[in-house]
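Participant: For reference, the sequence and a predicted model appear below.
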Amino acid sequence: MGEITAISWCDATFNPWIGCTKVSPACDGCYAEALMDKRYGRVQWGAPGKGNGTRVRTSPGNWSKPKAWDRKAAASGKRPFVFCSSLADVFDNQVPVEWRRDLFDLIRATPNLTWLLLTKRPQLIVRLYEEAQRLKEDGTRWTSTLPRERSAWPRNAAIGTTIEDQERAELNEPHLLYATDRLKPAFNFLSCEPLLGPLMPWTPTILARTMDLIGHADVPSIDWVITGGETDQGMHKARPSHPSWFRAIRDRCAAAGVPFHHKQNGEWIAKGWEHHGSKLHLTLAGKVINKADCDKNRDFPGMGLIEIEKVGKHRAGRLLDGVEHNARPKVVT
């Protein structure tokens with residue numbers, strides 16, 4: 001696709017702009033910050049107590065790439081998944097509204113691509129989308145009813161949100177489902193990466209909060225779930241994920257008929273897969289325990305204790321119980 005990516009759940013990445021502000025624990029080890037701020041110095045990353053940072057729009061040449069991918073996709077009959085944005089957030093409210101309008105114009109102009117719009121700000125999806133669609137090329141705004149070609153969500157765009165633990169699931173998932181109900185995207189998805197604690201994407205609390213937002217009981221389903229462990233990024237060292245967290249999501253997806261994609265285990269694995277590296281113990285709740293504490297308290301009843309080793313993301317790999325999970329949702333064209 002021209003933009004080679006190692007991300008297993010997409011075929012290409014596109015970044016209309018670069019830069020973001022950290023908003024949740026999943027942002028602590030941000031790949032984009034490590035690359036674009038700490039390594040290359042192209043932008044300043046925002047963070048609580050440090051301001052909103054800076055945003056830089058990418059070049060016209062970069063913006064032209066998706067149209068070339070679209071032509072290739074039309075000729076091949078294959079519909080690639082394009083992740084937007086790996087170095088930013090589409091629904092970042094610090095970005096000029098003109099940039100977001102231009103992005104949605106590009107999405108509409110590339111109907112043979114399936115766009116994956118992943119955000120940590122799902123509560124802003126509807127408002128910022130509608131704001132962008134009301135902006136005309138001359139800088140004025142539509143004050144009356146929008147033309148349908150601008151008001152309707154692009155049929156080739158999916159929306160997703162990151163949920164790294166149960167707290168974020170109960171905060172973010174209802175807003176994603178509200179946006180799904182309001183905008184009718186191609187599909188929706190959850191990115192449980194980095195997975196930092198046990199979580200269940202389907203709970204009575206999430207259902208109740210969603211019904212409060214959408215105003216009726218016909219709650220949309222989740223169409224796709226991605227999981228993954230954390231990796232080292234610069235000075236930030238990866239936090240381990242318990243394999244039982246991945247298993248619980250995998251099994252629930254299987255029971256519900258939802259496509260499940262396991263991207264990676266992260267830097268850590270359970271002892272027995274490899275026999276070298278730094279060793280710790282991890283409880284099912286996510287508490288890391290060192291060897292000395294384990295020697296003093298050998299049982300830890302009911303804590304789901306496992307011994308883990310830091311072996312690096314390449315050795316840790318993508319297998320979950322010996323299986324590679326690569327499922328994607330079917331796209332209706």
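Facilitator: Looks like it arrived, so ask away. Owing to the predicted nature of the structure, the values given are computational and were not obtained by experimental measurement. Numbering: from 1, shown residues only.
Participant: mind listing what's buried in stretch 102-115?
Facilitator: Neighbour counts using 16 or more other Cβ atoms under 10 Å place 102, 103, 104, 106, 107, 108, 110, 112, 113, 114, 115 of stretch 102-115 among the buried residues. Heads up, the C-betas are built off the backbone N, CA and C, glycines and all.
Participant: In helices, which of those appear?
Facilitator: Using DSSP state H to define helices, the subset of the buried residues of stretch 102-115 located there is 102, 103, 104, 106, 107, 108.
Participant: Of these, just say which sits nearest to residue 330.
Facilitator: residue 107 (19.6 Å; Cβ to Cβ).
Participant: Per-residue pLDDT of the closest residue in space to that closest one that isn't next to it in sequence, please?
Facilitator: Nearest residue to residue 107, sequence neighbours excluded (Cβ to Cβ, 6 or more residues apart in numbering): residue 154, at 4.7 Å. What the model reports as pLDDT for residue 154 is 96.
Participant: Could I get the full set of helices for the protein?
Facilitator: 31-33, 60-76, 97-108, 125-133, 148-151, 166-183, 204-214, 243-256, 291-296, 313-316.
Participant: what's the third one packed up against?
Facilitator: Okay, so that is helix 97-108. In this structure, helix 97-108 packs against helix 60-76, helix 125-133, with contacts taken as 3 or more Cβ pairs under 8 Å, 6 or more residues apart in numbering; DSSP states H and E.
Participant: hmm, who's touching that helix?
Facilitator: Helix 97-108 has contacts (Cβ atoms under 8 Å, 6 or more residues apart in numbering) with 16-17, 57, 63, 66-67, 84, 90, 113, 115, 128-129, 131-133, 135, 149, 154, 156-157.
Participant: Of those residues, grab the buried ones for PyMOL.
Facilitator: Remark: buried members of those, expressed as a PyMOL selection using 16+ other Cβ under 10 Å:
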select buried, resi 16+17+57+63+66+84+90+113+115+128+129+132+133+135+154+156+157
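Participant: residue ranges with poor pLDDT in the stretch 101-250 of the chain?
Facilitator: Applying pLDDT under 70 to the stretch 101-250 of the chain flags the ranges 138, 143-150.
Participant: so what's residue 232 up against?
Facilitator: Residues in contact with residue 232 (Cβ under 8 Å, 6+ apart) are 29, 238, 267, 313.
Participant: And residue 166, how close does it get to residue 203?
Facilitator: 8 Å (Cβ to Cβ, to the nearest Å).
Participant: As a markdown table, the ones in helices among the buried residues of stretch 102-115 with distance to residue 141 would be great.
Facilitator: Below are those laid out as a markdown table (distance: Cβ to Cβ, whole Å):
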| residue | distance to residue 141 |
| --- | --- |
| 102 | 15 |
| 103 | 18 |
| 104 | 15 |
| 106 | 20 |
| 107 | 20 |
| 108 | 19 |
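Participant: so which of these comes closest to residue 140?
Facilitator: Nearest member of those to residue 140, counting by Cβ to Cβ, is residue 102, at 16.0 Å.
Participant: what's the distance between that closest one and residue 232?
Facilitator: Going from residue 102 to residue 232 by Cβ to Cβ gives 35 Å.
Participant: What of residue 159?
Facilitator: 29 Å.
Participant: How about residue 42?
Facilitator: The spacing between residue 42 and residue 232, counted by Cβ to Cβ, is 21 Å.
Participant: and if you look at residue 125?
Facilitator: Residue 125 sits 31 Å away from residue 232, going by Cβ to Cβ.
Participant: In contact with residue 168, which residues are there?
Facilitator: Here residue 168 is in contact with 24, 25, 26, 162, 199 (criterion: Cβ under 8 Å, 6+ apart).
Participant: Among these, which one has the most neighbours?
Facilitator: Of all the contacts of residue 168, the highest neighbour tally under other Cβ atoms under 10 Å goes to residue 162, namely 24 neighbours.
Participant: Is it correct that that residue is in contact with residue 118?
Facilitator: Yes - between residue 162 and residue 118 a contact is recorded at 6.8 Å, counting by Cβ atoms under 8 Å.
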